[in-house]
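Peer 1: generate a structure from the sequence data that follows.
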Amino acid sequence: MTHHPRSLDTLTQTATEANLGDDLLHGADAIARFMFGDAKHRRKVYYLTGEATKGLPHFKMGSLICARKSTILNWIAEQEGRA
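Peer 2: From the prediction side, this is the model:
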């Protein structure tokens, strides 16, 4: 078994090697559909990944904004805990 520095709760929500493809979101449209239910909200994604003070966790593949569903869900849970 591989040791991970994260908590067990976090690990249950993160992707494993078997489902990493299902966990990845490629592009602002895909992130917007996941977070807001519609790709028309992609401008919110650009704002959250650029100018927002509590920026959305993301990474880039070339010029394409990408994110992991599990990371976004953890980030939202952290934001709820701070409210």
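Peer 1: the helix of greatest length in the chain - what's its average pLDDT?
Peer 2: When the chain is scanned for its longest helix (criterion: DSSP state H), the result is helix 69-82. Across helix 69-82, pLDDT averages out at 92.
Peer 1: mind giving me the packing neighbours of it?
Peer 2: Applying 3 or more C-beta pairs under 8 Å, 6 or more residues apart in numbering; DSSP states H and E, one finds that helix 69-82 contacts helix 8-13, helix 20-23, strand 24-26, helix 28-36. (Glycine included, C-beta is placed from N, CA and C.)
Peer 1: tell me what angle that helix forms with helix 28-36.
Peer 2: 40 degrees (axes from the mean of the first three to the mean of the last three C-alpha atoms, to 10 degrees).
Peer 1: any idea how far Asp29 lies from Gly81?
Peer 2: Asp29 sits 29 Å away from Gly81, going by C-beta to C-beta, to the nearest Å.
Peer 1: quick one, which of those two is more surrounded?
Peer 2: In terms of neighbours (other C-beta atoms under 10 Å), Asp29 is the more surrounded of Asp29 and Gly81; the figures are 16 against 7.
Peer 1: so the more buried one sits right up against His41, yeah?
Peer 2: No. Applying C-beta atoms under 8 Å, one finds Asp29 not in contact with His41, separated by 9.2 Å.
Peer 1: how far off centre is stretch 47-61?
Peer 2: With C-alpha atoms, centre = their mean, to the nearest Å as the basis, stretch 47-61 stands 10 Å off its chain's centre.
Peer 1: look up how far Gln79 lies from Thr53.
Peer 2: In terms of C-beta to C-beta, Thr53 sits 12 Å off from Gln79.
Peer 1: which one of those two has more residues nearby?
Peer 2: Set Thr53 next to Gln79 and count neighbours by other C-beta under 10 Å: Gln79 wins out with 10 against 4.
Peer 1: so that one makes contact with Lys54?
Peer 2: Yes. Assessed by C-beta under 8 Å, Gln79 is found in contact with Lys54 at 6.6 Å.
Peer 1: as a markdown table, the helices and strands packed on helix 69-82 with mean pLDDT and distance to Leu64 would be great.
Peer 2: What follows is these, written out as a markdown table (pLDDT from 0 to 100; distance: least, C-beta to C-beta, whole Å):
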| stretch | mean pLDDT | distance to Leu64 |
| --- | --- | --- |
| helix 8-13 | 54 | 24 |
| helix 20-23 | 86 | 15 |
| strand 24-26 | 96 | 6 |
| helix 28-36 | 97 | 9 |
